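Asker: sequence unavailable; structure follows:
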């Protein structure tokens, strides 16, 4: 996603920050995650600064922000899938 994605869609920031232009040059491969993914991955801890990867051959990502979950598949169900957002430049 780009720097204005969350604001444009009205997705609230829970913790940390959203992407900025400098993230495009960051070697840390910043990521923003949904609230449920953060709570399941790091229970009773802040997700900020935590690192993860989506597979053994994938790069490590560093969490810079947590946003509210977004219903993307079925409005009748809670978000049960991992919501991970990457800077457009780091995809």
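Answerer: Received, thanks. Just so it is clear, the model here is predicted, and its values are computed rather than measured.

Asker: give the next helix or strand downstream of the longest strand anywhere in the chain.
Answerer: Identified as the longest strand of the chain according to DSSP state E is strand 61-67. From strand 61-67 onward toward the C-terminus, using DSSP states H and E, the following helix or strand is strand 84-86.

Asker: report the buried residues of that following strand.
Answerer: Of the residues in strand 84-86, those scored as buried under the neighbour-count criterion (16 or more other CB atoms under 10 Å) are 85, 86. Heads up, the C-betas are built off the backbone N, CA and C, glycines and all.

Asker: direction included, what does that strand pair against?
Answerer: On the basis of DSSP bridges, the sheet neighbours of strand 84-86 come out as strand 30-34 (antiparallel).

Asker: what mean pLDDT does the strand it pairs with get?
Answerer: The average pLDDT within strand 30-34 is 95.

Asker: distance between it and the chain's centre?
Answerer: Relative to the chain's own centre, strand 30-34 is displaced by 2 Å; criterion: CA atoms, centre = their mean, to the nearest Å.

Asker: could you point out the helix or strand that follows it?
Answerer: Following strand 30-34 in sequence order, the next helix or strand is helix 35-41 (DSSP H and E).

Asker: partners of the next helix or strand after that next one, with directions?
Answerer: Stepping forward along the backbone from helix 35-41, the first helix or strand reached (DSSP H and E) is strand 51-52. Neighbouring strands of strand 51-52 in its sheet, by DSSP bridges, are strand 61-67 (antiparallel).

Asker: no further questions, thank you.
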